[in-house]
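# Below is the sequence, then the predicted model.
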Amino acid sequence: MDSPLGRLPSVDLVLRSCVGAALIERFGRASATQAVRQSLARAREVVRQGGEPSDAEVIGAEALARLEGEAVSTLRPVFNLTGTVLHTNLGRAQLAQAAIEAAVRAMREAVALEFDLSNGKRGERDEHLRALVCELTAAEDATVLNNNAAAVLITLNTLAGRGQGAVVSRGELIEIGGAFRMPDIMARAGARLVEIGTTNRTHAKDYEAALAEGDIGLVLKVHTSNYRVEGFTKEVPAPELAAIARRAGVPLVNDLGSGTLLDLSRWGLRHEPTVREAVAEGADLVTFSGDKLLGGPQAGFIVGRRDLIASINRNPMKRALRVDKIRLAALEATLKLYRDPDRLAERLPTLRFLSRKAEDIARTAQALEAPLARALGPGYAVSVTECASQIGSGALPLDTLASAGLAIRPVDGRGSALERLASALRRLPVPVIGRVSEGALVLDCRCLEESEAFARNIAALDAGAVDALA
């Protein structure tokens, strides 16, 4: 016991200390015991290297810090000041309050998910959204899946999954986030890719020639929402393409992707094809996302002909790709907001962020300029700056939105200090995510609505540590 190692407390002694009791109360005996053993193992290494042995309270405090660190969720809220409203890596659309409340109710209570209350028999979960989606899109029928990639996958598999051809223009063979490519999705779906036209020009005769070869399951039109080809270009308009497919007796599938339900030009944005327009132009099926411009949770919709929707719903893949009660509840609440377009921008965060005026954003930035400068100290210069936001998630990729933010520059001009500062901001209680541009760390304030919370969060920066970063 006179040796330094012998003076270390036992696991039992640490657990019977005040901090040990707190460990057990918060994390349970098993986790507390394991953490104390790990702390004791570290303490033994310190002693073997000539250090002093720690007492029970110190060992317990180290174990507590370890468990508290492990308890922090990696799925943490952040301040999205990147200027990208629908940032895929930051979760895309923020849900409306009505959708959040609906999701919470569905989580807390048993719900009639697949139970028909009118007759007491088994029901279909699509019934919760079918009528509402058809009302908003003028489609005959609708079904919902867990994302738009799933909607495209099951559509291809249902209509062309036994090796039938899927005709698509080379200029529409897109790659979406995470290197998922349309040709790869087709292959996984069991469809045979039939490429027509060229990257920049595809004509009606190209579709007609491919359809004349026979064994074609569908014609696929892909809305190139994540890039734009300009200059010497040609594509077949959707109404003309629908007529070509109809004459051949083959369904036309229009993958809209971003899922706009209303004309965005009403709020000062460039017009994006709406689902209703795609249905009216003659597409037999239209697929689109729920978590992009629609502003809801992650989901994929398929709307269109009743017989084709029925075939898709009979596909065994549907069960693997369906959505749960929580997302159904949030989707229903989100879609109901579209019944009142006059107040949609007030209630739907995505549209509120996209339609926010630059002068309003500038006022937010101006109010935060001084608090941020105080938090950063004399090593950094902070100024209000004009900047450009973007929609994100592949929607209107070349369109930017006039915005304002805070530009942070190191006084000594060293660019490496910006990367270190960006790292420090990511370590705040609520991480702050901006972007480095033209020698400055820019915090675009378009999506910042909680200015006071942001100021309190920034105040948690260690001024001394920030000076060292500069």
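Thanks, I have the structure now.

# Every contact and neighbour count from this point should use C-alpha atoms.
Will do.

# didn't residue 306 look like it was pressed against residue 134?
No - assessed by CA atoms under 8 Å, residue 306 is found out of contact with residue 134, at 10.9 Å.

# Might you list the low-confidence residue ranges for the stretch 251-400 of the chain?
394-398 (pLDDT under 70).

# Which stretches in it count as helices?
275-280, 306-314, 317-321, 325-337, 344-347, 349-354, 358-376 (DSSP state H, counting those that start in this stretch).

# Nearest to residue 115 among the ones you listed would be which one?
Taking CA to CA, helix 325-337 is the member of the helices of the stretch 251-400 of the chain nearest to residue 115, at 12.1 Å.

# Quick one: list the elements packing against that closest one.
Other elements packing on helix 325-337 under the criterion 3 or more CA pairs under 8 Å, 6 or more residues apart in numbering; DSSP states H and E are helix 97-108, helix 127-137.

# now do 6 Å
Applying 3 or more CA pairs under 6 Å, 6 or more residues apart in numbering; DSSP states H and E, we find helix 325-337 packed against helix 97-108.

# next one: phi and psi at the nearest residue in space to residue 454 that is not next to it in sequence?
What sits nearest to residue 454 in space, not counting adjacent residues and going by CA to CA, 6 or more residues apart in numbering, is residue 79, at 7.8 Å. Dihedral pair for residue 79: phi -90, psi 110, per degrees, to the nearest 10.

# And for residue 79, the neighbour number?
22 (other CA atoms under 10 Å).

# hang on, isn't it packed against residue 432?
Yes - using CA atoms under 6 Å, residue 79 is in contact with residue 432, at 4.8 Å.

# measure residue 118 to residue 112 for me?
11 Å (CA to CA, to the nearest Å).

# how about residue 170, what does it touch?
195-199 (CA atoms under 6 Å, 6 or more residues apart in numbering).

# Give me the three-state assignment for residue 75.
coil (DSSP: H, G, I helix; E, B strand; the rest coil).

# Could you give the number of residues near it?
Neighbours of residue 75 (other CA under 10 Å): 8.

# And it, what's its pLDDT?
Looking at residue 75, its pLDDT is 91.

# And the one 5 residues further on, by the same measure?
Residue-level confidence at residue 80 comes out at 97, pLDDT.

# What separation do you get for it and residue 435?
Distance from residue 80 to residue 435, by CA to CA: 10 Å.

# Neighbour count for these two, which is higher?
residue 80 (21 against 18).

# the strands in the stretch 1-150 of the chain, which residues?
Under the criterion DSSP state E, counting those that start in this stretch, strands of the stretch 1-150 of the chain are mapped to 79-80, 115-116, 121-122, 141-145.

# For residue 32, find the nearest of the helices of the stretch 251-400 of the chain.
Across these, closest to residue 32 is helix 325-337 (CA to CA), at 33.6 Å.

# Render the CA-only coordinates of that closest one in CSV, please.
The C-alpha trace of helix 325-337 is given here as CSV (Å, rounded to 0.1, in the frame of the first residue of the first chain):
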residue,chain,number,x,y,z
LYS,A,325,-45.6,7.1,-39.2
ILE,A,326,-43.4,10.0,-38.1
ARG,A,327,-42.5,11.1,-41.6
LEU,A,328,-46.1,10.5,-42.8
ALA,A,329,-47.4,12.8,-40.0
ALA,A,330,-44.8,15.5,-40.9
LEU,A,331,-45.5,15.2,-44.6
GLU,A,332,-49.3,15.6,-44.1
ALA,A,333,-48.9,18.7,-42.0
THR,A,334,-46.4,20.2,-44.5
LEU,A,335,-48.6,19.5,-47.5
LYS,A,336,-51.7,21.1,-45.8
LEU,A,337,-49.8,24.4,-45.5
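
# now do the same end-to-end measure for stretch 345-365.
Start-to-end, stretch 345-365 (CA to CA) is 21 Å.

# Quick one: distance of it to the chain centre.
Taking CA atoms, centre = their mean, to the nearest Å, one finds stretch 345-365 lying 19 Å from the centre of the chain it belongs to.

# Run through the residues that contact the residue lying closest to residue 373 once chain neighbours are set aside.
Nearest residue to residue 373, sequence neighbours excluded (CA to CA, 6+ apart): residue 382, at 5.7 Å. Shown in contact with residue 382 (CA under 6 Å, 6+ apart): 373, 407-408.

# do the same with residue 3
Per CA under 6 Å, 6+ apart, neighbours of residue 3: none.

# hmm, 10 Å instead?
47, 53 (CA atoms under 10 Å, 6 or more residues apart in numbering).
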